[in-house]
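S.K.: Here is my input; please provide its structure:
(6 chains)
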Protein chains: 4
Amino acid sequence: MIALDYRDKRPIYEQIVEKLEKLIVCGALESNTRMPSVRSLAMELSVNPNTIQRAYAQLEQDGYLYTIVGRGNYVTCEAEWKKGRVQTVLKEFTEVLTKARETRVPRGELMALFDRIYPEKEGENT
Amino acid sequence: MIALDYRDKRPIYEQIVEKLEKLIVCGALESNTRMPSVRSLAMELSVNPNTIQRAYAQLEQDGYLYTIVGRGNYVTCEAEWKKGRVQTVLKEFTEVLTKARETRVPRGELMALFDRIYPEKEGENT
Amino acid sequence: MIALDYRDKRPIYEQIVEKLEKLIVCGALESNTRMPSVRSLAMELSVNPNTIQRAYAQLEQDGYLYTIVGRGNYVTCEAEWKKGRVQTVLKEFTEVLTKARETRVPRGELMALFDRIYPEKEGENT
Amino acid sequence: MIALDYRDKRPIYEQIVEKLEKLIVCGALESNTRMPSVRSLAMELSVNPNTIQRAYAQLEQDGYLYTIVGRGNYVTCEAEWKKGRVQTVLKEFTEVLTKARETRVPRGELMALFDRIYPEKEGENT
DNA sequence: GTGGTCTAGACCACG
DNA sequence: GTGGTCTAGACCACC
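M.R.: As a prediction, the model looks like this:
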């Protein structure tokens, strides 16, 4: 389900958070789906349950999961996490653009990338 | 010259790297200029010389500085660091766009930001 | 009769206690009325009978219910639970006021809230 | 500095958070003061450093502390935490008042308490 | 020295 | 069986 990179300097729990976040955002983990239990995921990834616990706690705080004690962790419905997520992305987008301007990256190069990665589709994403 | 934010989560040396990088990119520190000595900058910022040493080492590795042993640290010429810099920015740009697509951020919203931050100017940046 | 919120952090039995308490206090469940049996309420709410049992036990301890073995659980008469209830509320009121004073919340702001939530009516509640 | 109550059902770290929060709010711990180190406070309270760590993390998240890795934890300036704090208190005040109204607690009794705990002082708290 | 992370193993409340 | 808390002890980056 998830591959950990022990050479990565970031803490393990953060990697797990990032990976799970992606799975939730892309829709691989649907709303109200039950996540693997703390212990089972810990076994699967060969890490300590505390580490998984921490990752789940972070995801809960970020609005991606909700916890029912004694039952398990569940994925929140999309509308729940989408708002904050969009804001975060827009902020990051602004930052990288500012950086690009400072570096005087040719505008055309950015536009080309933009169109390639985020093609304009009729009736979608608009 | 540089203001440190001790409440920032990132290590001090990283903040210094970032600030100096900006000064070099924006042209405030011109090519082949001699940087302040490790000890003097350490004094000025009230930090451990080791911290400055580390920042300079990082900047050298990133291609912004070159060292002449016994003489000091100098800013590399623009062409030198620009290549790496542009590549970095483009990679970051790609990543954030991918993230935006996954999150299904409306394309128009990104375009609007793009045009505002990076306005099209005739004969420049193209 | 009662809606449970599984995303609530509090244990289920506590939620049930709170809901039933409200129903008793507001008069929806009158004095000496027989409460639904443990098993039937458990069925209705789709929870474990133990959970209902625990909620009833808590309510009995708080003075809202009394049990006649073999007959069922009954709502105590108003005068019975009112004393304890008033005391509890006054204690909570004192605590939150103390907290407000420590935080130096403007007195006027509290007064405004007070008047809005608890309007002075002639001949009532005095 | 702090007395723990092991009979209390709440987790230890939460008790510590509450106690420290009070000390900060009442001004006993002034802004930008350095808190005792994780290890030393753990020793003093005879608990595990992880427990203190958790308490400090919570306080940081709530805006009462900021952390400088390698240096220690510091109290944030008052304006930082005051805003959220006031809001919390007002919400609690509203809740308890609503509860009081449902219980039909005599308005006069509340008013008396109010005046005793939060006396009107000229030129202050208004 | 500091805080941050992680492991191994334990106990508890909840349902 | 589930998540939540806690202990004991360890290693790391940073300054």
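
S.K.: can I assume A:Tyr66 sits in a strand?
M.R.: Yes - under DSSP: H, G, I helix; E, B strand; the rest coil, A:Tyr66 sits within a strand.

S.K.: quick one: it and A:Thr76 touch, right?
M.R.: Yes - counting by CB atoms under 8 Å, A:Tyr66 does reach A:Thr76; the two are 5.4 Å apart. Where C-beta positions appear, they are placed from N, C-alpha and C, glycine not excepted.

S.K.: what about the residue nearest to the spatial centre of chain A, which helix or strand?
M.R.: Closest to where the C-alpha atoms of chain A average out (CA atoms, centre = their mean) is A:Glu21, at 2.9 Å. Following DSSP states H and E, one finds A:Glu21 within helix A:12-25.

S.K.: and the next element down the chain from the longest helix anywhere in chain A?
M.R.: Taking DSSP state H as the criterion, chain A has its longest helix at helix A:78-102. Note on helix A:78-102: by DSSP H and E, the next helix or strand toward the C-terminus is helix A:107-117.

S.K.: Next one: that next one, is it in contact with chain B?
M.R.: Yes - part of helix A:107-117 sits near chain B under the criterion CB under 8 Å from any CB of the partner chain, namely A:107-110, A:113-114, A:117.

S.K.: of the residues you listed, buried ones?
M.R.: Neighbour counting by 16 or more other CB atoms under 10 Å in any protein chain shown classes A:107, A:109-110, A:114 among the residues of helix A:107-117 next to chain B as buried.

S.K.: The residue nearest to A:Arg34 when sequence neighbours are not counted - how many residues pack around it?
M.R.: Using CB to CB, 6 or more residues apart in numbering or on different chains and skipping the chain neighbours, the partner closest in space to A:Arg34 is A:Gly72 (5.0 Å). When neighbours are defined as other CB atoms under 10 Å in any protein chain shown, A:Gly72 has 14 of them.

S.K.: Identify the bridge partners of A:Gly72.
M.R.: With DSSP bridges applied, A:Gly72 shows beta-bridge pairing to A:Ile68.

S.K.: So, low pLDDT: which residues of chain A?
M.R.: A:122-126 (pLDDT under 70).

S.K.: For it, what lies in contact range of chain B?
M.R.: Residues of chain A lying close to chain B by CB under 8 Å from any CB are A:22, A:25-26, A:82, A:85-86, A:89-90, A:92-94, A:96-110, A:113-114, A:117-118, A:120, A:125-126.

S.K.: For stretch A:50-68, could you pull out the residues that count as buried?
M.R.: Of the residues in stretch A:50-68, A:51-56, A:58-59, A:62, A:64-67 count as buried by neighbour count, 16+ other CB under 10 Å.

S.K.: domains for chain A, by residue range?
M.R.: Per automatic domain parsing, the domain ranges recorded for chain A read A:12-76, A:79-117.

S.K.: any idea how far A:Pro36 is from A:Ile2?
M.R.: As defined by CB to CB, to the nearest Å, A:Ile2 lies at a distance of 10 Å from A:Pro36.

S.K.: Who has more neighbours out of those two?
M.R.: Between A:Ile2 and A:Pro36, A:Pro36 has the larger neighbour count (other CB under 10 Å), namely 18 against 15.

S.K.: residues touching the residue nearest to the centre of chain A, list them.
M.R.: Neighbour list for A:Glu21: A:59, A:62, A:64 [criterion: CB atoms under 8 Å, 6 or more residues apart in numbering or on different chains].

S.K.: try A:Leu23
M.R.: Applying CB under 8 Å, 6+ apart to A:Leu23 gives the contacts A:Leu29.

S.K.: Near chain C, which residues of chain A are found?
M.R.: Taking CB under 8 Å from any CB as the criterion, the neighbours of chain C within chain A are A:66-69, A:71.

S.K.: 10 Å - rerun?
M.R.: Residues of chain A lying close to chain C (CB under 10 Å from any CB of the partner chain) are A:66-71, A:74, A:76.

S.K.: just the residues you listed now: which is nearest D:Pro11?
M.R.: For D:Pro11, the nearest member of the residues of chain A next to chain C is A:Val69. The distance, counting by CB to CB, is 13.1 Å.

S.K.: got the contact list for that closest one?
M.R.: Applying CB atoms under 10 Å, 6 or more residues apart in numbering or on different chains to A:Val69 gives the contacts C:9-12.

S.K.: follow-up on the earlier one: what about burial for the residues of chain A next to chain B, which qualify?
M.R.: For those, a burial check counting by 16+ other CB under 10 Å picks out A:25, A:82, A:85-86, A:89-90, A:92-93, A:96-97, A:99-101, A:103, A:105, A:107, A:109-110, A:114, A:118, A:125.

S.K.: hang on, A:Leu43 packs against A:Met1?
M.R.: You called it Leu, but residue A:43 is Met. No - if you go by CB atoms under 10 Å, A:Met43 and A:Met1 don't touch, sitting 11.8 Å apart.

S.K.: Show me whatever sits in contact with both of these two.
M.R.: A:Pro36.

S.K.: who in chain A is up against chain D?
M.R.: Selection of chain A residues close to chain D by CB under 10 Å from any CB yields A:50, A:61.

S.K.: How about chain A: which residue is closest to chain C?
M.R.: A:Tyr66 (4.8 Å; CB to the nearest CB).

S.K.: so who does the nearest residue to that residue once chain neighbours are set aside touch?
M.R.: Once flanking residues are discounted, A:Tyr66 sits nearest to C:Arg7: 4.8 Å by CB to CB, 6+ apart. C:Arg7 makes contacts with A:66-68, A:74, A:76, as judged by CB under 10 Å, 6+ apart.

S.K.: which secondary structure element contains C:Arg7?
M.R.: C:Arg7 is located outside every helix and strand, with elements delineated by DSSP H and E.

S.K.: how far away is it from D:Val69?
M.R.: Noted for C:Arg7: a distance of 34 Å to D:Val69, by CB to CB.

S.K.: Over to A:Tyr13?
M.R.: Distance of A:Tyr13 to D:Val69, computed by CB to CB: 17 Å.
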